[in-house]
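**Student:** Following is a predicted model, sequence given first.
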Amino acid sequence: MTNTATETRSVVVEREIPYPPEKIWRALTQPHLIEEWLMKNDFKPVVGHRFNLRGDWGGVLDCEVLVVETNRTLSYTWNFTHDDAAYNLKSIVTFTLTPTRAGTHLRMEQSGFRPDQKQAYGGAKVGWQQFFAKLDQVLARTY
Amino acid sequence: MPNAHDVLFRTLGDPTRRAIFERLCREGEKTVAALTARAKVSQPAVSKHLGVLKQAGLVRNRHEGRQTHYSAQLGGLAPLIDWTSQMAGFWQSRFDHLEDLLKRMDQ
């Protein structure tokens, strides 16, 4: 029996940015600007458009545009295929822009599913002590 | 769906429950009776803790005759150490780049 609560996971990163949504939207949707902060790409702000994000490390992400609401919401799939299933990742990235008095509240949520995470905790061999050592790092980076 | 982190922290926040889970991690499968013998609480209390651990995906049980055996499920900890922590670090650094870019861009 599987437990869905442990299968679907998401990460949220939020930031207050002192610029209006229109300006941030350009950085999120124009390929030459996306390349400057994220990765090389052939993005188009068109629902259904398939594109790749190419990382410096040689990895290629398969993406498809899901939602385009100008200056408000941008969402696309963020899938990584690897020979070793443990590294596969199927996820959806959603950027939400909310205007504030000082600029914009930018929220990024990546939700996804990874079927096999064996390498992350090394099966039953990882001890409880090691888990606690990792937990501190995780908390420092997640929150 | 409740946040997986909330469920795990709530489940492991109780010292008695955490001690039961740690023991199963260290010593492997145990019956409720064996766990009770070393715990400072009653068997019904141990059973209740095991039920909570099971709901959080941290233990698994199997029946053998009239005994129920429990074992730790380390996979239940995955939400705390999975790809999300790696990605959170990734996005934080990318957002730093994004802010640098925004400073350089024309209005």
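**Tutor:** Nice, I can see it.
**Student:** Below-threshold pLDDT in chain A: ranges please.
**Tutor:** Along chain A, segments meeting pLDDT under 70 span A:1-8, A:57, A:83-87, A:113-143.
**Student:** Repeat that for chain B.
**Tutor:** B:1-4, B:78-86, B:107.
**Student:** For it, just list every one of the helices.
**Tutor:** For chain B, the helices defined by DSSP state H cover B:4-12, B:15-27, B:32-38, B:43-55, B:78-81, B:83-104.
**Student:** same deal with chain A?
**Tutor:** A:4-7, A:21-29, A:31-37, A:118-121, A:128-142.
**Student:** in terms of contact, does residue A:9 touch residue A:111 like I think?
**Tutor:** Yes: the pair residue A:9 / residue A:111 is scored as a contact, 7.2 Å apart, by Cβ atoms under 8 Å. The way it works is simple: take the backbone N, C-alpha and C, and place the C-beta from them, glycine included.
**Student:** who's more crowded, these two?
**Tutor:** A count of neighbours by other Cβ atoms under 10 Å in any protein chain shown puts residue A:9 above the other of residue A:9 and residue A:111, at 24 against 15.
**Student:** quick one on the thing from earlier: need the helices of chain B in TSV (columns: mean neighbour count and distance to chain A).
**Tutor:** Below are the helices of chain B laid out as TSV (neighbours: other Cβ atoms under 10 Å in any protein chain shown; distance: least, Cβ to the nearest Cβ, whole Å):
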stretch	mean neighbour count	distance to chain A
helix B:4-12	18	5
helix B:15-27	18	5
helix B:32-38	15	16
helix B:43-55	17	9
helix B:78-81	22	5
helix B:83-104	17	4
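**Student:** Now tabulate those in CSV and tack on distance to residue A:39.
**Tutor:** Output for the helices of chain B, formatted as CSV (distance: least, Cβ to Cβ, whole Å):
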stretch, distance to residue A:39
helix B:4-12, 28
helix B:15-27, 39
helix B:32-38, 50
helix B:43-55, 40
helix B:78-81, 25
helix B:83-104, 9
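**Student:** between those helices, which one is nearest to residue A:31?
**Tutor:** Closest to residue A:31 of the helices of chain B is helix B:83-104 (Cβ to Cβ; 13.2 Å).
**Student:** between that closest one and helix B:4-12, how many degrees?
**Tutor:** 140 degrees (axes from the mean of the first three to the mean of the last three Cα atoms, to 10 degrees).
**Student:** and helix B:83-104 with helix A:21-29, angle?
**Tutor:** Using the same axes, to 10 degrees, helix B:83-104 lies at 120 degrees relative to helix A:21-29.
**Student:** ok so, going back, among the helices of chain B, which is nearest residue A:89?
**Tutor:** helix B:83-104 (6.2 Å).
**Student:** For stretch A:66-82, buried residues please.
**Tutor:** Within stretch A:66-82, the residues scored as buried using 16 or more other Cβ atoms under 10 Å in any protein chain shown are A:66, A:68, A:71, A:73-78, A:80.
**Student:** try stretch A:9-17
**Tutor:** So for stretch A:9-17, counting by 16+ other Cβ under 10 Å, buried means A:9-11, A:13, A:17.
**Student:** If we check chain B, which of these are in contact?
**Tutor:** Among these, the residues within reach of chain B (Cβ under 8 Å from any Cβ of the partner chain) are A:9-11, A:13, A:17.
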